[in-house]
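Chemist: show me how the following folds:
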Amino acid sequence: MAELVGVDVGGTFTDCVAFGDDDSVVRAKVLTTPEDPSIGFLNGITELARLRGMRPRDYGARITRIVHGTTVATNAALTGNGARTALLTTAGFRDALQMRRGVKENQYDNRYAAPRPLVPRRLRIGIAERTTSTGEILVRPDRDEIRRAVAELRAQGVEAIAICFMHSYANPANERMVADIAAEEMPEIYVTASADLLPEVRFYERVATTVYNAYVGPIVANYLGALTERLSEVSFDGRLLIMQSHGGVVTPETAVVRAAGALLSGPAAGPITGAAYGTRPDAGRAITADMGGTSFDVAVVRDRKPVIVRDAEFDRHVVALPATDIHAIGAGGGSIAWIDDGGLLRMGPQSAGSRPGPACYGFGGIEPTVSDSNLVLGYLDPDNFAGGDLSLRVDLAEQAIKSVVADPLGLGVAEAAAGMHRVVNVNMAMGVRAVSVNRGVDPREVPLVVGGGCGPIHAARIAEELGIRMVVIPQASGLFCATGMLLSDFRHDFVHTFLSSLSDVDQAELAGLLHSLRESGTAALESDGVAEDDHSYEFSLDMRYRGQHREIEVPCTIAEVASDLSALRGRFDRLHEALYAHRVPEAVTEIVNVRARALGLTRKLPLPGEVVGERDASTARVGGRPAYLTETAAYADLPVYDGERLRAGHIVPGPALIDEPTTTLLVPPTFDLSCAANGSKVLTHHALREGATR
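Modeler: Okay, the predicted model is just below:
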């Protein structure tokens, strides 16, 4: 029987979800191994094999597809441990990388400084060449000059070269010639040309993205090579696919070429889970939040799809590739508590990770974390954490909180733990507000879909901070991103700059360009092995009013482009008004870029569909334990339910605790929990229930 597996390597835990031909599902959560993430990856596969009652090699041979979300590119970028990278660019423009957009992002902060360029100035070399904006080549590069430049870079120990010339989006010939020579002279080096990665207008965005791709490319290539070898140890002979920032999957070969597309490889899968489990059919909108061991990732879902942006920044560097619009803050189960110089309690962004981890893990950690506070407050069961695979030490958690937080602030341990809990909840609420309000979404009007191992403990409290009255906890929310990986499709994005006013556009030429991009998408999907019946295409135009600096992506079809441009103009005006609260019907409208997305549909993880039954959930109750309630600032005996025994239709009034193998859910006194047919647990604020009855 074939098996499909999703593996998400996080900062603290590696999550694995698998389902077979009979749609049976198994899930595993193991500790991440930061020294070599592939070890934790293989440990997860081994645990899935145990749950299936098989030997690892027999189980590995049964797997036909693995979808993997990796933090390798992310960690390399955040720690500054990317490849030693050089930049070959048009002579006279080697400082564009450092000049950025030419403006100071935070204009009124005198201490604000731009981040250090990923390529130092001595490794940025100008090449005498020139192409016009219309694609005419005025100066071709001199081959001897290129060879001398490459020899100089070899002497400098360069591991990757980024190539970005002026107007190469209009004609890539010069860039590709230089890339070919660099590959010939240094075949072992990683080479990225902007014309192959991001062939669109705007020089800084192209050069920054190309450099980032080269910076993380060798790291991604080495990791995927090592992972492939390690998977052979368990007889895996299926297809390994890599999750990309835009929420689609690609082959390892594509992931290596477009390495910067893996910067949000793991977190991008979370909103896919949120869209599948948490959006209402009548609205299709939601806010998703994933709280793991290290970070808290928030995104917005519209029309049952995560919002995608093309101007993302990562660690303040521009990466202009399509990416899920995720706002991440350092707030997770491993986030460390500390007292600042002003005597205020802070949480994170530093994290204890998996080793040494929170103090309560007993692995040598001595700093108090969010997980330590949750244990002291009674929200976590010390004998039933991570399915019982890890026993938590209450005494170590209390000791860490006492020495770092309670004693310096003159508080009791319980008070200090409650303060830690409240501070991290406020931090996360601010993160939700940032991504939702900035995207024109009132958080009070949409459900909050929460996942991650720590998320369900904090979900209702975050909702209270924001006035959100409905919270959805998807089935197996502790493996939020690993689940989303088995709900994703192949995706390839194509772009071509096409500058024209809408009134003067050559419709035949524009339609022909869309057809050409579609053909490129078809070729990519065929190379992925996707059957023709599973191909799907989406097209759009980047449009703006003349004089504007930024464009709006306007969906379109080839038929519309060939026949009726007035519909596109009306759609652009409506989108502009929705985003900026005004439209200018008399203004000249321009097209800047043409875009195409090629989607290859995959077999998806089946969503549960239980029959809704009785409301009484007493059969799922397994006891009780003391837990701290903010409302009374005291401990109370709360009923505890086994989340795996709860069935569709069951109602659990708050306050209560729901224990599951990969997470715990806190139901405060102001919420009730109901179990949906798709396996989700829905927290409804009493105000919403009372409003519905009036």
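Chemist: grab the longest helix from the protein for me.
Modeler: Using DSSP state H to define each element, the chain has its longest helix at helix 203-231.
Chemist: which parts of that helix are buried?
Modeler: By 16 or more other Cβ atoms under 10 Å, the buried positions in helix 203-231 come out as 203-221, 223-224, 227, 230-231. (Each C-beta comes from the backbone N, C-alpha and C, glycine too.)
Chemist: skipping adjacent residues, who's closest to residue 330 in space?
Modeler: Distances taken as Cβ to Cβ, 6 or more residues apart in numbering place residue 349 nearest to residue 330, at 2.2 Å, with adjacent residues excluded.
Chemist: next, count neighbours for the one you found.
Modeler: For residue 349, the neighbour count with other Cβ atoms under 10 Å is 16.
Chemist: helices or strands next to the helix or strand where it lies in the packing?
Modeler: Here residue 349 sits within strand 345-351, counting by DSSP states H and E. In terms of contacts (3 or more Cβ pairs under 8 Å, 6 or more residues apart in numbering; DSSP states H and E), strand 345-351 is packed against strand 335-339, helix 413-437.
Chemist: what sits up against the first one?
Modeler: Surrounding strand 335-339, the residues in contact under the criterion Cβ atoms under 8 Å, 6 or more residues apart in numbering are 294, 345-352, 367-370, 373, 401, 404-405, 408-409, 420, 424.
Chemist: mind putting the helices and strands packed on strand 345-351 in JSON lines, mean neighbour count and mean pLDDT included?
Modeler: Output for those, formatted as JSON lines (neighbours: other Cβ atoms under 10 Å; pLDDT from 0 to 100):
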{"stretch": "strand 335-339", "mean neighbour count": "22", "mean pLDDT": "94"}
{"stretch": "helix 413-437", "mean neighbour count": "21", "mean pLDDT": "94"}
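Chemist: so which of these is nearest residue 594?
Modeler: Of all those, it is helix 413-437 that lies closest to residue 594, at 28.3 Å by Cβ to Cβ.
Chemist: which is the next helix or strand following that closest one?
Modeler: Going down the chain from helix 413-437, the next helix or strand is strand 448-451, by DSSP H and E.
Chemist: the very next helix or strand once past that next one: how far from the chain's middle?
Modeler: Sequence-wise, the next helix or strand downstream of strand 448-451 (DSSP H and E) is helix 455-466. Relative to its chain's centre, helix 455-466 lies at 21 Å (Cα atoms, centre = their mean, to the nearest Å).
Chemist: relative to helix 413-437, how tilted is helix 455-466?
Modeler: The directions of helix 455-466 and helix 413-437 differ by 70 degrees, with axes from the mean of the first three to the mean of the last three Cα atoms, to 10 degrees as the criterion.
Chemist: and for helix 455-466, what's in contact with it?
Modeler: Applying Cβ under 8 Å, 6+ apart, the contact partners of helix 455-466 are 289-292, 374, 379-380, 421-422, 424-426, 428-429, 432-433, 443-444, 448, 450, 468-471, 473, 477-478, 480, 630, 658, 663-668, 670-671, 683, 685.
Chemist: now list the buried members of these.
Modeler: Among the contacts of helix 455-466, those classed as buried by neighbour count (16+ other Cβ under 10 Å) are 289-292, 374, 379-380, 421-422, 424-425, 428-429, 432-433, 443, 448, 450, 468-471, 473, 477-478, 480, 658, 663-668, 670-671, 683, 685.
Chemist: quick one: which of these sit in strands?
Modeler: Among these, the members falling in strands (DSSP state E) are 289-291, 448, 450, 470-471, 473, 658, 663-667, 671, 683, 685.
Chemist: tell me the confidence at residue 283?
Modeler: For residue 283, the pLDDT comes out at 67.
Chemist: right, I mislabeled it, should have said residue 577
Modeler: Per-residue pLDDT puts residue 577 at 90.
Chemist: distance between the one helix or strand it maps to and the chain's centre?
Modeler: In the assignment (DSSP H and E), residue 577 maps to helix 565-580. Mean-position distance between helix 565-580 and its chain equals 29 Å (Cα atoms, centre = their mean).
Chemist: how close does the residue lying farthest from the centre of the chain sit to residue 179?
Modeler: Note on the chain: the largest C-alpha distance from the chain mean falls to residue 144, namely 43.3 Å (Cα atoms, centre = their mean). For residue 144, the distance to residue 179 equals 17 Å [Cβ to Cβ, to the nearest Å].
Chemist: domain parsing of this protein, as residue ranges.
Modeler: The chain breaks down by automatic domain parsing into domains covering 3-76+222-262, 77-221, 335-417, 490-600, 618-693.
Chemist: give the contact list for the residue lying closest to residue 451 once chain neighbours are set aside.
Modeler: Spatial nearest neighbour of residue 451, chain neighbours left out: residue 480 (2.7 Å); criterion: Cβ to Cβ, 6+ apart. Residues counted as contacts of residue 480 (Cβ under 8 Å, 6+ apart) are 15, 269, 270, 273, 274, 290, 451, 452, 455, 474.
Chemist: mind running it again at 10 Å?
Modeler: The contact partners of residue 480, by Cβ atoms under 10 Å, 6 or more residues apart in numbering, come to 8, 10, 15, 17, 266-267, 269-274, 277, 288-292, 297, 449-453, 455, 473-474, 662-663.
Chemist: just the buried ones from those, in ChimeraX syntax?
Modeler: To isolate the buried ones among the contacts of residue 480 in ChimeraX, judged by 16+ other Cβ under 10 Å, type:
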select :8,10,15,17,266,267,269,270,271,272,273,274,277,288,289,290,291,292,297,449,450,451,452,453,455,473,474,662,663
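Chemist: rewinding a little: any chance of the helices and strands packed on strand 345-351 in a markdown table, with distance to residue 506 too?
Modeler: Listed next are those as a markdown table, based on distance: least, Cβ to Cβ, whole Å:
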| stretch | distance to residue 506 |
| --- | --- |
| strand 335-339 | 55 |
| helix 413-437 | 39 |
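Chemist: distance from the chain centre to stretch 459-476, please.
Modeler: Between the centre of stretch 459-476 and the centre of its chain there are 20 Å (Cα atoms, centre = their mean).
Chemist: do the same with stretch 649-656
Modeler: In terms of Cα atoms, centre = their mean, the centre of stretch 649-656 is found 32 Å from the chain centre.
Chemist: now stretch 96-110: buried residues?
Modeler: Buried residues in stretch 96-110, counted by 16+ other Cβ under 10 Å: 96, 97, 100.
Chemist: please name the nearest non-neighbouring residue to the second one.
Modeler: Of all residues not flanking residue 97 in the chain, residue 117 sits nearest, at 5.0 Å (Cβ to Cβ, 6+ apart).
Chemist: neighbours of the one you found, how many?
Modeler: Using other Cβ under 10 Å, residue 117 is surrounded by 19 other residues.
Chemist: next: residue 343.
Modeler: 8.
Chemist: with residue 604 instead?
Modeler: Number of residues near residue 604 (other Cβ under 10 Å) recorded here: 13.
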